[in-house]
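>>> Have a look at this fold, sequence not included:
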């Protein structure tokens, strides 16, 4: 392998979602030449649909997920402080619970978390904490700009298999079923409704739904669904009405919010996140509903596996 001092070594990152772009940024910062290739450009990916509330969801194993999530939280916290153009903000909110419970398994990844009884009618308690929220319409553009500013490229390319030459980082998400010949990766359909911003400054989450209300600067993302094995990317009007009803029960102020658009994304779920090196390929996929949440942590590990 060429020495770390030069930029003659090329890495191909397959996948232009949040994980692929973040890996590309870290690899470029480590001094490698990086080309991102993907069937879908950043704003066409599942990542573009995400409410992008930092929260370890549908991703295992817990110990590795905890480490990656903690790293990502710190990076997002710093971005929110130093780079408003990133589209990342630190937003307070509450996860509602039917009854009071012990702290969640990921508790040590956040600086503070408090048990609260200040929850809407119908719930018995909640966990309140501040967490990163990324406006993906802005954040994916910011990541892509970072890749290009560091000398990387992003190219639309519909691959039938992983490239067979050079170092490859497989961040294909659901596409890893084909490109990684991994049938354990399955789609978990997530539908959201985006409504106008009505002055909401806190996020709300009921993971049993899942129901979530995530405010961004100019709109609010309402979700969601969790349908395993469903490949449809077409929004369902009936599902949208149910999402709005559940979200409004949680946050009554949403009754006056005008619907702006509907979106569907297919989360790439597998029994455990695959992050390992096999020969000249580093596989990094299967992040479920936590691609944003784990992105900076897994990117650091990808760099370590490549040897930078």
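Ah, there it is. What you see is a predicted model; the values in this text were computed from it and never measured. Numbers count the residues shown, from 1 in each chain.
>>> CA atoms for contacts and neighbours, from now on please.
Noted.
>>> Excluding chain neighbours, give the residue nearest to residue 68 in space.
Spatial nearest neighbour of residue 68, chain neighbours left out: residue 297 (3.9 Å); criterion: C-alpha to C-alpha, 6 or more residues apart in numbering.
>>> meant to ask about residue 150
Take residue 150 and drop its neighbours on the chain: the residue closest to it by C-alpha to C-alpha, 6+ apart is residue 28, 6.3 Å away.
>>> Tell me how many other residues surround residue 148.
Taking other C-alpha atoms under 10 Å as the neighbour definition, residue 148 ends up with a count of 17.
>>> buried sites along the strand or helix carrying the residue nearest to residue 68?
Counting by DSSP states H and E, the secondary-structure element that holds residue 297 is helix 291-306. Applying a neighbour-count criterion of 16 or more other C-alpha atoms under 10 Å, the buried positions in helix 291-306 are 291-303, 306.
>>> Return the closest of these with respect to residue 135.
When the buried residues of helix 291-306 are compared for distance to residue 135 (C-alpha to C-alpha), residue 292 wins out at 10.9 Å.
>>> longest helix anywhere in the chain?
Looking across the chain with DSSP state H, the single longest helix is helix 62-82.
>>> Please identify the buried residues of the next helix or strand after that helix?
Downstream of helix 62-82, the first helix or strand assigned by DSSP H and E is strand 88-97. In terms of neighbour count (16+ other C-alpha under 10 Å), strand 88-97 has its buried residues at 88, 89, 90, 91, 93, 94, 95, 96, 97.
>>> and the fourth one, what does it touch?
Applying C-alpha atoms under 8 Å, 6 or more residues apart in numbering, we find residue 91 in contact with 130, 131, 132, 133, 201, 202, 203.
>>> Who does the second one form a beta bridge with?
Following DSSP bridges, residue 131 is listed with bridge partners residue 91.
>>> Is it in contact with residue 53, as I believe?
Yes: look at residue 131 against residue 53 with C-alpha atoms under 8 Å: they come within range, at 7.2 Å.
>>> So between these two, which is more surrounded?
Comparing residue 131 with residue 53 by neighbour count (other C-alpha under 10 Å), the higher total belongs to residue 53, at 25 against 20.
>>> what pLDDT does that one get?
Looking at residue 53, its pLDDT is 98.
>>> Helix, strand, or coil at the residue nearest to it when sequence neighbours are not counted?
Closest residue in space to residue 53, ignoring its immediate chain neighbours: residue 133 at 4.6 Å, by C-alpha to C-alpha, 6+ apart. Counting by DSSP: H, G, I helix; E, B strand; the rest coil, the backbone at residue 133 sits in strand.
>>> Could you pull up the residues touching residue 133?
With C-alpha under 8 Å, 6+ apart as the criterion, the residues that contact residue 133 are 51, 52, 53, 54, 88, 89, 90, 91, 214, 216.
>>> residues near the fourth one, how many?
When neighbours are defined as other C-alpha under 10 Å, residue 54 has 23 of them.
>>> pretty sure it is in contact with residue 131, am I right?
Yes: A contact is recorded between residue 54 and residue 131 when judged using C-alpha under 8 Å, the distance being 6.0 Å.
>>> Can you give me the distance of residue 34 to residue 218?
Taking C-alpha to C-alpha, to the nearest Å as the measure, residue 34 and residue 218 are separated by 33 Å.
>>> same thing with residue 10?
For residue 10, the distance to residue 218 equals 39 Å [C-alpha to C-alpha].
>>> which of these two has more neighbours?
Regarding residue 10 and residue 218, a neighbour count based on other C-alpha under 10 Å identifies residue 10 as having more, with 17 against 11.
>>> Need phi/psi at the nearest residue to residue 56 once chain neighbours are set aside.
Once its chain neighbours are removed from consideration, residue 56 has its nearest residue in residue 290; the separation is 5.5 Å (C-alpha to C-alpha, 6+ apart). The phi and psi torsions at residue 290 (degrees, to the nearest 10) take the values phi -130, psi 30.
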